[in-house]
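Asker: got a sequence here, can you model it:
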Amino acid sequence: MRRWGLVVLAGMLLLAGCSAGTPAPPSDPFAIDERPATAGFYGELHRPPGATDDPIRRPAVLVVGGAEGGLALDPLAAALARKGFVSLAVGYFGLPGLPPTLREIPLEYFATALRVLAAQPGVDPARIVVWGASRGSEVAQLLAVDFPALVRGVVADSPSSVVHASSPSPHVAAWTLAGRPVRWASVAHQDDPRTPGATIDDAAVAGPILTICGGADALWPSCSFADAIAARSPRVTELDYPAAGHTFVGLHLQGVQAPGVAARVAAAGGTSQANTDAAIDAFDRAVRFIAGV
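Answerer: Below you'll find the predicted structure:
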């Protein structure tokens, strides 16, 4: 097996330095700001036109980014809203009122955001999907396992099938639950999709899971992780793009002109054309997946 450990750590550190800090302007000027002091979390809520007046309740999406921090995936939430889904992009470090690094983030923090999303007009609270990219894929799966009443489906984008350590320290938990650290893989085993004690219990996820991965992922072996997720659950649909890199859907929607994106694209792997084609196809398929949850 190719060893990815040093690549992952270096890549996560690179990504963490690209977007955290001053919040970027929202992708949707009509988005509703959610902030820690009032809502209990930092996010941007996007509603489709007419959502508050529509008597039909539809699925909604919580969008969770990765080790880049901030609200880098807000453009993804805005794009999902344009497809008819109330969507909430949530940041969990690197923003005002939040921790400076990905370290000991309570899963209950995301559960608070899920409850707010479920209470929005036009949302069917029994059809909430969590779209987690990269490190956010760990959150998406853990939420589906530990808060099954709040999560119906998961999109695991450039996923991991194991829990990794905090970033940048390999000796501290990234996530906590009920005040206790969620067990994580050691550096020596962080790229083993079946690391004992650190694998995510996807068999316990009651709803469907969609995995999206690139075979040219330069940050970690996301397709091997996706295969491991599928091996644990019969409710997994896999989208595998052999020439694409890491988190290509979100990077495509952010655009290379956005601050820090060009460097992240270069580090993510894959060719420009392969990433673009994969992003367009994966997003369309994910929209159909969400609609069918």
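
Asker: so what's Leu114 closest to, chain neighbours aside?
Answerer: Nearest residue to Leu114 in three dimensions, chain neighbours excluded: Leu150, at 4.4 Å (Cβ to Cβ, 6 or more residues apart in numbering). Glycine gets a C-beta too; all of them are placed from N, C-alpha and C.

Asker: would you map the helices across the stretch 151-293 of the chain?
Answerer: 222-232, 248-254, 261-268, 272-291 (DSSP state H, counting those that start in this stretch).

Asker: with mean pLDDT and distance to Ile209 as extra columns, can I get those in CSV?
Answerer: Below are those laid out as CSV (pLDDT from 0 to 100; distance: least, Cβ to Cβ, whole Å):
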stretch, mean pLDDT, distance to Ile209
helix 222-232, 98, 6
helix 248-254, 95, 16
helix 261-268, 89, 22
helix 272-291, 97, 9
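
Asker: and Arg127, how far from Val187?
Answerer: 38 Å (Cβ to Cβ, to the nearest Å).

Asker: surely Ala216 touches Ala278?
Answerer: No. Look at Ala216 against Ala278 with Cβ atoms under 8 Å: they stay out of range, at 9.8 Å.

Asker: overlap of the contact sets of the two?
Answerer: The contact sets of Ala216 and Ala278 overlap at Ala243, Ala244, Gly270 (Cβ atoms under 8 Å, 6 or more residues apart in numbering).

Asker: Arg152 contacts Gly207, doesn't it?
Answerer: Yes. Here Arg152 reaches Gly207: they are 4.6 Å apart, a contact under Cβ under 8 Å.

Asker: shared neighbours of these two, anything?
Answerer: Shared contacts of Arg152 and Gly207, defined by Cβ under 8 Å, 6+ apart, are found at Val293.

Asker: so these two - more neighbours on which side?
Answerer: For Arg152 versus Gly207, the count of surrounding residues by other Cβ atoms under 10 Å is larger for Arg152: 22 against 17.

Asker: quick one: contacts for the more buried one?
Answerer: Neighbour list for Arg152: Pro59, Ala126, Arg127, Ile128, Val129, Gly207, Val293 [criterion: Cβ under 8 Å, 6+ apart].

Asker: mind checking which of these are buried?
Answerer: Buried members of the contacts of Arg152, counted by 16 or more other Cβ atoms under 10 Å: Pro59, Arg127, Ile128, Val129, Gly207, Val293.

Asker: neighbouring contacts of whatever helix or strand the first one lives in?
Answerer: Pointing back at Pro59 there. Assessed by DSSP states H and E, Pro59 sits inside strand 58-64. The contact list for strand 58-64, computed with Cβ under 8 Å, 6+ apart, reads 73-74, 76-77, 80, 84-90, 92, 110, 113-114, 117-118, 120, 122-124, 127-133, 136, 139-140, 152-153, 155, 290-291, 293.

Asker: buried subset of those residues as a ChimeraX selection?
Answerer: ChimeraX command restricting the contacts of strand 58-64 to the buried ones, with burial defined by 16+ other Cβ under 10 Å:
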select :73,74,76,77,80,84,85,86,87,88,89,90,92,110,113,114,117,118,120,122,123,127,128,129,130,131,132,133,136,139,140,152,153,155,290,293
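
Asker: can you tell me the SS state at the residue nearest the centre of the chain?
Answerer: For the chain, the residue nearest the mean C-alpha position is Gly132 (1.7 Å; Cα atoms, centre = their mean). Under DSSP: H, G, I helix; E, B strand; the rest coil, Gly132 falls in the strand class.
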